[in-house]
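Peer 1: can you look at this prediction? I've put the sequence above it.
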Amino acid sequence: MGKEISELSPLLLLLISSGTMGSAAILSFVNECSYTVWPATFSGNGPTLGDGGFSLAPGQLVQLIADPGWSGRVWARTGCNFDSSGNGKCLTGECGSLNCIGDGQPPFTLAQFIIALGTTDNNFYDVSLVEGYNVGIRINATGGTSDCQYAGCIANLNCPPELQVVDVSGSVVACKSACEAFNAAQFCCADDYSTPQTCSRTQYSEMFKKACPNAYSYPYDDVSSRFTCSGSNFLITFCPKGL
């Protein structure tokens, strides 16, 4: 795990000594896009994976190991240009450098993971359009048990004009969330709309859900969008061709 035993928390020491520590998960990233993407990682718990970001050419595979208890977010950046020091900008998913040290700038398609800490716990995973959409993502849980469905958005969204992000040539490169586009409480599940009872799907989240039924379309879309699998690894595909 890359740490001395003395540096581990009491809970981790207890799990190790009792033999109930979960298994690390291999996260395999594959690029099926016709162009290079730059996956970015942000860790909520545990070490940063892949130095926070890396280049992934078409057809390339990169594998990273997430320790038991790790949680984090992954997204693809597009249209990036970095110098030899890793400084530069991206057209979508921008975080300030090749190796992200924080979250990205929406809109982007987001993959999220929680790796089980104990052997009896499930891994959690999902793909979310709450931050918008820039590339298709599919997550397949491999080698695990229990439900283990795929999560993702494999469709090319038919983004309405009011949500579109265009480049200098006029090509649509991303689709904003309604929250980012309009900054209104009802779209952001904020203020008077900040609970599952008061925040429901809108015409925009319904559109996202119809295109991508296995992805979050708004913040409280848990029932049909969050998946679990025990003891699994994960295959994360950008621009997937299908299931």
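Peer 2: Noted; the coordinates are in hand. Numbers count the residues shown, from 1 in each chain.
Peer 1: next structured bit after the lowest-mean-pLDDT helix or strand in the chain?
Peer 2: Ranked by mean pLDDT, DSSP states H and E, the helix or strand of the chain with the weakest confidence is helix 10-18, at a mean of 43. The helix or strand immediately downstream of helix 10-18 is strand 25-31, counting by DSSP states H and E.
Peer 1: give the rounded mean pLDDT of that following strand.
Peer 2: Across strand 25-31, the average pLDDT comes to 98.
Peer 1: for the residue nearest the centre of the chain, give its distance to Thr41.
Peer 2: In the chain, the residue lying closest to the centroid (Cα atoms, centre = their mean) is Ala111, at 1.6 Å. Counting by Cβ to Cβ, to the nearest Å, the gap from Ala111 to Thr41 is 10 Å. In short, each C-beta sits where N, CA and C put it, glycine included.
Peer 1: mutual contacts of those two, please.
Peer 2: Among the neighbours of Ala111, those also in contact with Thr41 (Cβ atoms under 8 Å, 6 or more residues apart in numbering) are 73-74.
Peer 1: could I get the full set of strands for the protein?
Peer 2: 25-31, 38-45, 61-66, 71-77, 81-82, 88-89, 110-114, 123-128, 137-142, 151-153, 164-166, 172-175, 227-229, 233-238 (DSSP state E).
Peer 1: for those, which one ends up most surrounded?
Peer 2: strand 151-153 (a mean of 26; mean count of other Cβ atoms under 10 Å).
Peer 1: right, I'll call it a day here.
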